[in-house]
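> using only what follows, build the 3D model:
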Amino acid sequence: MNMLVLTICLALSTAIPRILPAVFISRMHFSRGARKFLRLLPVSVMAALIFPGVIQSSPNATACLTTIGLSVFCGLMNWPPITAVLASAGAVWLLLVLM
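Predicted coordinates:
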């Protein structure tokens with residue numbers, strides 16, 4: 001029973017901070033700079049988390065640089081993130097198969 005209560009409490013402590021902004025965001029008004037910052041924040045966090053993994057994932061420097069370059073290109077072209085992930089993974093796979 002204690003594990004069930006603990007699980008419910010932990011789920012609520014995670015869910016509440018995620019749900020509250022979604023509920024109140026429509027009532028809040030942000031400046032243009034703040035909107036741009038909030039729009040770019042998920043991409044920046046994702047890049048900061050993924051970049052070290054890309055560098056450590058393969059001993060092949062060409063594959064790492066290709067992944068980074070292709071991801072930056074996809075980002076500059078405003079392609080969806082899944083496109084960048086699939087293109088980068090496909091390019092690395094192709095490089096590793098050909099080498």
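> any idea how far S88 lies from M77?
Taking C-beta to C-beta, to the nearest Å as the measure, S88 falls 13 Å from M77. (Glycine included, C-beta is placed from N, CA and C.)
> hmm, T67 is touching S88, no?
Yes: the pair T67 and S88 qualifies as a contact (C-beta atoms under 8 Å) at a distance of 4.5 Å.
> just to revisit the earlier point, what about S88 and M77, which has more around it?
Using other C-beta atoms under 10 Å as the criterion, S88 and M77 rank with S88 on top: 22 against 9.
> which helix runs longest in this protein?
The single longest helix within the chain, with elements called by DSSP state H, is helix 32-57.
> lowest-confidence helix or strand of this structure?
For the chain, counting by mean pLDDT, DSSP states H and E, helix 32-57 ranks last in confidence among helices and strands (a mean of 81).
> counting contacts, what elements does that one pack onto?
Counting by 3 or more C-beta pairs under 8 Å, 6 or more residues apart in numbering; DSSP states H and E, the packing neighbours recorded for helix 32-57 are helix 61-76.
> quick one, the helix it packs on and helix 32-57 angle?
160 degrees (axes from the mean of the first three to the mean of the last three C-alpha atoms, to 10 degrees).
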